Structures are given as structure tokens and as C-alpha cells.
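Visitor: please work out how this folds:
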Amino acid sequence: MKRFVLGFIIGGVICSALTGFAVEYAVTVNPFPVKVNGVETPIEGYNINDNTYFKLRDVADAVGGFTVGFADNTITIDTPQIEPPELPETPTASVAATEPLPDIKTEVFDGVKYVSDGYIEKMLDEIGLGDYTFSTTQFFDGSDYSRPSLLKDIPRHPKYTSYIPYDYYISTIVPVINSLRQ
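Guide: Reported below is the predicted structural model:
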């Protein structure tokens, strides 16, 4: 009998200690309307401890632009690759397009020449293209987010991510900038 009482007491102590570690979640259905591009959209959501969560597949259906899948115990998110717009083959002559771009400050890391995207954006301001900007790997018109990016997958320095290889700047970014100046 003593063993039974001792076991009962030890079991009670363990159970009460474990319930002290239990986490309580306040889960409610999201009561707020959801608007996608200004249009109210019926997306099922949940509020958990004052944070709103949505099903990823519902978001993909509402906003488009990506698909969600699950295979081999991995969640996959795929976005279509948008090709940059084709540049005109024969540029029209204009005074701005014939003027060379201002010199740009470069940095050298590990023997490779780089240019900061901030320096490029400053130069764009100086030549009247201040609406164009960089994100992590894209170059786009910041005044119109509905337009596709002009460049994607821009290479960066592995550690100093605001720096773009100078060779890429000359071979790819400069021609795009010159096409915008026409």
C-alpha cells in the first residue's frame, strides 16, 4: 500500500510539473477583411496569440503568381520566371542617350572590382532616372510596381550584398540604363 501511495504522489507531482510547461494558445477565426490589390478577398485566416495566419495555398490562389505543392516531405513554392523586356534593336537617337554615363565609384574585394547599387541609384538620380531602383536581386521601376523587373538574378558579392560585380554592371546594367534614356 505504501508503494501505491508513493507512486500516486510521485505521479501527481510529475503531472502537475508537466502541465506547468504547457503552452496556451488563443486561436480564433480571423475577423478582419482581407483585401488583395484593393479588392476584398475571402481568405480563411486564423488569429493565434494576436498574430494572423493564412493557408499558403489560399494566398497563392488569391494573389496568383506562385504555386504551392508538397512532395517528398517538402513544401515547394514555385514562381514563374518573367523574361526581361526585349530592348529595341535600333535605338532612336537622342541627346541623352548619346551622352556617356557619369563615372561611378568602384571597390575591390578579393581582387574583383565591384560597384555599389547605391552608387548606381545616385547616378540614376543625376541623369533623371531616379524612379529606377534595386532590390536584392532585381532592377525595376520603383514608381510602378505592376511593371515587370528589368533585370532579375543580379549577382552580388557573397558578403557585401549591396555590391554588384563591375563586369556585370558594364555588360548588363549599362545597356538597360541606356535603353531607358531614349
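Visitor: looking at the chain, which helix or strand is least sure?
Guide: Scoring the helices and strands of the chain by mean pLDDT, DSSP states H and E places helix 95-98 at the bottom, with a mean of 45.
Visitor: what about the most centrally placed residue in the chain, which helix or strand?
Guide: Taking C-alpha atoms, centre = their mean, the centroid of the chain lies closest to T136, which sits 7.4 Å from it. According to DSSP states H and E, T136 maps onto no helix or strand at all.
Visitor: I'd say it and I164 touch.
Guide: No: with contact defined as C-beta atoms under 8 Å, T136 does not reach I164; the gap is 11.2 Å. C-beta here means a position set from N, CA and C on the backbone, and glycine is covered the same way.
Visitor: find residues that contact each of the two.
Guide: Common neighbours of T136 and I164, counting by C-beta atoms under 8 Å, 6 or more residues apart in numbering, are R156.
Visitor: distance from the chain centre to stretch 32-40, please.
Guide: Chain-centre distance of stretch 32-40: 21 Å, with C-alpha atoms, centre = their mean, to the nearest Å.
Visitor: end-to-end on it?
Guide: Terminal residues of stretch 32-40 lie 10 Å apart, using C-alpha to C-alpha, to the nearest Å.
Visitor: would you mark the buried spots in it?
Guide: V34 (16 or more other C-beta atoms under 10 Å).
Visitor: now do it, average pLDDT.
Guide: Stretch 32-40 comes out with an average pLDDT of 80.
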